[in-house]
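[1] Generate coordinates for the sequence data below:
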Amino acid sequence: MKLRTGYENRKARVEMLPLIDVVFLLLVFFIYAMLSMVVHRGLNVDLPTAGLAQLDTRQFLNITIGADNHIQFDGTETTLEALIPQVTDRLTAMGAETPLYIEGDITADLGIAITILDRLQAAGVEKVSFACKQNSQP
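    Below you'll find the model as predicted:
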């Protein structure tokens, strides 16, 4: 005797709940991957540490002073004389509120950093920060 339950007449369907879970996980993965990407333009330098250092994820300009006192501006090697016009041109193109960081190797001379800072101030650049690593000790 064959019983008919009605189950035979059901059509196949796509379940939405597992699909939503997969899409949500992909979304979380790509957001996390995007936020963890950091653009580093400059030399690989050993930065000094500071207890109150904060992470800034905005678009920024970068002046790097290497251990041998060579200067790079956004990854391009430059001289001290050519640096200031390059910085002012880029700041006017990107906006005056664009952060400008000086990354100096811990063994680099302090005098070149002060000279760059003095010339930037003379050129009218007022907001300059020094990049450093966050100190893990309180």
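
[2] Next secondary structure element downstream of the helix or strand bottoming out on mean pLDDT in the chain?
    Here the helix or strand of the chain ranked lowest by mean pLDDT, DSSP states H and E is strand 49-50, holding a mean of 62. Next helix or strand after strand 49-50 toward the C-terminus (DSSP states H and E): strand 61-65.

[3] Can you give the distance of that next one from its chain's centre?
    The chain centre lies 13 Å from the centre of strand 61-65; the measure is C-alpha atoms, centre = their mean, to the nearest Å.

[4] Asp74 against Phe60, yeah?
    No: counting by C-beta atoms under 8 Å, Asp74 does not reach Phe60; the two are 9.3 Å apart. In this view, the C-beta of every residue, glycine as well, is placed from N, C-alpha and C.

[5] Run a quick neighbour tally on Leu120.
    21 (other C-beta atoms under 10 Å).
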